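1. coords please:
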Amino acid sequence: MKTIEVKTNIMCGSCIAKVTPTLNEKIGENNWKVDTTNPKKVLTVTTENLSETDVIKAVEKAGYKAATLS
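-> Sure thing, here's the model as predicted:
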């Protein structure tokens, strides 16, 4: 297992509710979480086979932005 972290514009619980169906489908239920208290709104993903690019695409498919955490 590896952990991938990306910054997002997922700001609140309502935003998380909107991305949940897409992220559960693409990443897997219970394999991701968004820290909305972090200024960068960090999405943390635990995965065996997804790349950072896959994670960013999944967030974009859900209608939000994601980028490499720097």
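
2. residues touching residue 45, list them.
-> Residues in contact with residue 45 (C-beta atoms under 8 Å, 6 or more residues apart in numbering) are 3, 4, 5, 6, 27, 31, 32, 55. All C-beta spots, glycine's among them, are computed from the backbone N, C-alpha and C.

3. how about those residues in JSON lines, adding distance to residue 46, pLDDT and neighbour count?
-> Putting those into JSON lines (distance: C-beta to C-beta, whole Å; pLDDT from 0 to 100; neighbours: other C-beta atoms under 10 Å) gives the following:
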{"residue": "3", "distance to residue 46": "6", "pLDDT": "98", "neighbour count": "8"}
{"residue": "4", "distance to residue 46": "8", "pLDDT": "98", "neighbour count": "20"}
{"residue": "5", "distance to residue 46": "10", "pLDDT": "98", "neighbour count": "15"}
{"residue": "6", "distance to residue 46": "13", "pLDDT": "98", "neighbour count": "22"}
{"residue": "27", "distance to residue 46": "9", "pLDDT": "97", "neighbour count": "21"}
{"residue": "31", "distance to residue 46": "5", "pLDDT": "98", "neighbour count": "16"}
{"residue": "32", "distance to residue 46": "7", "pLDDT": "98", "neighbour count": "23"}
{"residue": "55", "distance to residue 46": "11", "pLDDT": "98", "neighbour count": "23"}
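
4. Residue 14: which of the residues you listed is nearest?
-> Using C-beta to C-beta, residue 32 is the member of the contacts of residue 45 that sits closest to residue 14, with 16.9 Å.

5. So what pairs up with the nearest residue to that closest one once chain neighbours are set aside in the strands?
-> Nearest residue to residue 32 in three dimensions, chain neighbours excluded: residue 45, at 4.7 Å (C-beta to C-beta, 6 or more residues apart in numbering). Judged by DSSP bridges, the bridge partners of residue 45 are residue 4, residue 32.
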